[in-house]
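A.B. asks: Task: produce atomic coordinates for the following.
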Amino acid sequence: MGEDAPKNKTKGWIMRNISNYLDGKRNDENKLIKSIFIKLLLLIIIFFASACSGSAPIVNEPNQNQNDTGTINSNIPQNEETNNEQLIFEISSNNIENTPTKTWKPLWQYTAQNKGSMVVKNILIESQQCLLINNPLIDYDYYQRIIPPNSFYDDIFVLKPETKQKLWQYRINSICGRNTLIQDDCIFIGTSQGPMGYDDKFFMFCINKNNGKEIWRCSINGVTETNMVILNKRLFFGVSGYDGNFIYCVDAQNGNMIYQCNSPRGIVFDYKIEFISIEDLLYFSDPKTSCIYSFNPNSQQFSLVYQNPLETFGGLAYFNKYLLFESTTQNSFSSLCAIKLSDNKLDWVITFKNREYNYLRKPIVKENLVYFDSYGFIACIDMKTKQLLWSFADPVHDIQEFILDDDRVFIGMEQEPYEARDTEQYYRRYILSLDANTGKVNWKMQKGVRLSCIYQDKILLTDENNLYMIEAN
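C.D. replies: Modelled structure (predicted):
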C-alpha cells in the first residue's frame, strides 16, 4: 500500500487535470499547450490550401518558377491604389421609341454554302477594296449531340462587293478560329477544331491574299482562338491544348517554329485573350486570374503588370503611354481604368453608374476619344479632360456588337426573353446608328441580323449563312 500511494497520487493528479481541461478550467500549462496546438493546426491548413490552389493569381516572388509555367519577372512594384484619381458618372437609359425607323432594303444578299456564322473583314487586293470572309460549316445537330459529325471544314474566300464575284476560295479541313490577321500579302488564321470536329490536328495557316494559295502551314499543339501579332517578322499567338497553354513564336515568312513558351499558372489562351504590342512587348489581360501581363519576346519572360483578385478585366487598349482596360466586380458598376506604363501604377479610374456587372469587351481609342464598350451601355470619354461626352444605354436590350466608323457608331442590340426561345421572336434585335461625337441616335432598324463590318458607306450584316449589304445613311 505504501508503494502504491505515489502512483495513486500521480494518477489522481492526471485525472484532475484532464477533468479541469474538459470542464474549461485550464491552468497556465494547458493554455500554453492549446495555443501551440492551434498555431500548428493553422500552419498545416495554410500549407495545404496553398498547395491545392492551382488557379490562384500569381504573386510576385523572387525567382518564381513553376513547373510547366512561364517565368515571371519579380521586379514589378506592388500596385497601390490609394492615390489614384477617382471619377464617377451617372449613365441614364435612353428612349428610342421616337427614333426614326430605317426600312430594311438590302442592296444585295449573298448566300454562303456553309451554315455557320460568317466573319467578314475589309481587305485590299491589287488596290481594290474587297471582303475577306471566313465561313465555317457548323453541324448544329452535332453540337446538340443528336448525330456524330460527318465532316467539319472552313471556307476562306474573297468577295468583290460590287458584283458579288468570288475572286478565290481556300478550304481548310478544320474549323478555324474567329480571328484572322492580314499583314502585307499574307492572311494568317489558326484552327480550333479537327477535321471531324474532334481536337486532334491543329495548324496555323498563311495564305496569299491575292490568289488564295497556301504559303505555309505550321503544326501546333492546341486550339488557336486568340488574336495574332507580328513583331520583327515573327508571328505570335496563344495556343490552348491538353499539354498546357503556350505563346507560340513562328517565323512569319516560312512558318518555321522559333519557340513556344509556357504561360503563367492559371492562364487559358481562349477567345477572351487579346494581345496588343507596345514598344516590342506584348500585353494581355486574363479575366480568369484577374491579372494583366506583359511578355518580352526576346527573353521569353512574363511580367505581372497589375492584378486585383476582386475584379474582372476586359481587353486592353493603348493611349499616350497609358494602358487602358475595362473592369467590374460581381456586385458593382463598371469602370474605365488607366495604368501608367512608366511605373505600372493605376493612375485613374472612371466609374459608370448603370447596370451592375456588365460583360466587358475593350476600350476603343480614336484620337483623343475613348469609347467604353460593354453589354449594358456605351460611353464616350474625352481623354484630355477625362469628362463624359455622351452615353447610350437601353434598359432592356444588351449591346452585342459595336462598330466605330469615321463619324458614326453602329451597335447591334438584342433581347432574349425566356418565353420566346422556341419561337421566331427569339432574336428581338435592333441595329442603331449614332453620331460618334454627340451620341445622338440617327436611326433604328428592327431585324434579326448581326453587324459584321463597314464597307465604304455601306453596312455588312449576317444571319445564319447570309450576307447582306445596306446603306449606312
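A.B. asks: which residues of the stretch 51-200 of the chain score low on pLDDT?
C.D. replies: Applying pLDDT under 70 to the stretch 51-200 of the chain flags residues 51-82, 138-151, 193-200.
A.B. asks: let me fix that: the stretch 301-450 of the chain
C.D. replies: Residue ranges of the stretch 301-450 of the chain with pLDDT under 70: 330-331, 355-358, 416-427.
A.B. asks: can you map out the strands along it?
C.D. replies: Assigned by DSSP state E, counting those that start in this stretch, the strands in the stretch 301-450 of the chain fall at 301-307, 312-319, 322-328, 334-340, 345-353, 364-366, 369-373, 377-382, 387-393, 398-404, 408-415, 428-435, 441-446, 450-455.
A.B. asks: Among those, single out whichever gets nearest to residue 214.
C.D. replies: Nearest to residue 214, of all the strands of the stretch 301-450 of the chain, is strand 450-455, at 24.7 Å by C-beta to C-beta. Using the backbone N, CA and C atoms, a C-beta is placed for each residue, glycine as well.
A.B. asks: next structured bit after that closest one?
C.D. replies: Counting by DSSP states H and E, the element after strand 450-455 in chain order, helix or strand, is strand 458-462.
A.B. asks: check contacts around residue 432.
C.D. replies: By C-beta atoms under 8 Å, 6 or more residues apart in numbering, the contact list for residue 432 reads 96, 99, 410-413, 441, 443-445.
A.B. asks: One more pass at 6 Å, please.
C.D. replies: Residues near residue 432 by C-beta atoms under 6 Å, 6 or more residues apart in numbering: 411, 441, 444.
A.B. asks: Quickly note the distance from residue 207 to residue 226.
C.D. replies: Separation of residue 207 from residue 226 (C-beta to C-beta, to the nearest Å): 19 Å.
A.B. asks: Tell me the buried residues in stretch 266-286?
C.D. replies: 266-276, 281-286 (16 or more other C-beta atoms under 10 Å).
A.B. asks: Over to stretch 181-189?
C.D. replies: Neighbour-count burial for stretch 181-189 flags 181, 186-189 (criterion: 16+ other C-beta under 10 Å).
A.B. asks: Pull the distance from it to the chain's centre.
C.D. replies: 22 Å (C-alpha atoms, centre = their mean, to the nearest Å).
A.B. asks: for the record, mean pLDDT for stretch 233-245?
C.D. replies: Per-residue pLDDT values over stretch 233-245 give a mean of 91.
A.B. asks: Use 739 as the first number for this chain going forward.
C.D. replies: I'll keep to 739 as the first residue from here, and by that count the last item is stretch 971-983.
A.B. asks: Following element in sequence after whichever helix or strand residue 977 is part of, please.
C.D. replies: Per DSSP H and E, residue 977 falls inside strand 972-979. Counting by DSSP H and E, the next helix or strand C-terminal to strand 972-979 is strand 982-989.
A.B. asks: For residue 946, give me its contacts.
C.D. replies: By C-beta under 6 Å, 6+ apart, the neighbours of residue 946 are residue 953.
A.B. asks: Show me what it is bridged to.
C.D. replies: On the basis of DSSP bridges, residue 946 takes part in beta bridges with residue 924.
A.B. asks: Retrieve the pLDDT associated with it.
C.D. replies: For residue 946, pLDDT reads 96.
A.B. asks: Please report how far it lies from residue 1170.
C.D. replies: Here the criterion is C-beta to C-beta. By it, residue 946 lies 38 Å from residue 1170.
A.B. asks: circling back: need the buried residues of stretch 919-927 in TSV with distance to residue 896, can you?
C.D. replies: TSV is the format used below for the buried residues of stretch 919-927 (distance: C-beta to C-beta, whole Å):
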residue	distance to residue 896
919	15
924	14
925	9
926	15
927	13
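A.B. asks: returning to what we had before: including distance to residue 828, could the strands of the stretch 1039-1188 of the chain go into TSV?
C.D. replies: Converted to TSV, these look like this (distance: least, C-beta to C-beta, whole Å):
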stretch	distance to residue 828
strand 1039-1045	27
strand 1050-1057	21
strand 1060-1066	17
strand 1072-1078	13
strand 1083-1091	5
strand 1102-1104	22
strand 1107-1111	14
strand 1115-1120	11
strand 1125-1131	9
strand 1136-1142	18
strand 1146-1153	20
strand 1166-1173	19
strand 1179-1184	19
strand 1188-1193	28
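A.B. asks: between these, which one is nearest to residue 874?
C.D. replies: Nearest of the strands of the stretch 1039-1188 of the chain (C-beta to C-beta): strand 1188-1193, 14.6 Å.
A.B. asks: partners of the closest one, with directions?
C.D. replies: Strand pairing (DSSP bridges) places strand 1188-1193 next to strand 1196-1200 (antiparallel).
A.B. asks: my read: residue 913 touches residue 893, true?
C.D. replies: No: using C-beta atoms under 6 Å, residue 913 makes no contact with residue 893, being 11.0 Å away.
A.B. asks: right, and the strands of the stretch 1039-1188 of the chain - which one's nearest residue 953?
C.D. replies: Taking C-beta to C-beta, strand 1188-1193 is the member of the strands of the stretch 1039-1188 of the chain nearest to residue 953, at 24.6 Å.
A.B. asks: Mind listing what's buried along the closest one?
C.D. replies: 1188-1193.
A.B. asks: what does stretch 1022-1036 give?
C.D. replies: By 16+ other C-beta under 10 Å, the buried positions in stretch 1022-1036 come out as 1022-1025, 1027-1033, 1035.
A.B. asks: Quick check, pLDDT for the closest residue to residue 847 other than its chain neighbours.
C.D. replies: Excluding its sequence neighbours, the residue lying closest to residue 847 (C-beta to C-beta, 6 or more residues apart in numbering) is residue 1206, at 5.3 Å. Listed pLDDT for residue 1206 reads 94.
A.B. asks: just so I have it, where are all the strands in the stretch 889-1038 of the chain?
C.D. replies: 892-898, 903-910, 913-921, 924-931, 940-946, 952-958, 966-969, 972-979, 982-989, 995-1000, 1014-1016, 1019-1024, 1029-1034.
A.B. asks: what residues does the fourth one touch?
C.D. replies: Counting by C-beta under 6 Å, 6+ apart, the neighbours of strand 924-931 from elsewhere in the structure are 890, 912-915, 918-919, 940-945, 947, 961-963, 966.
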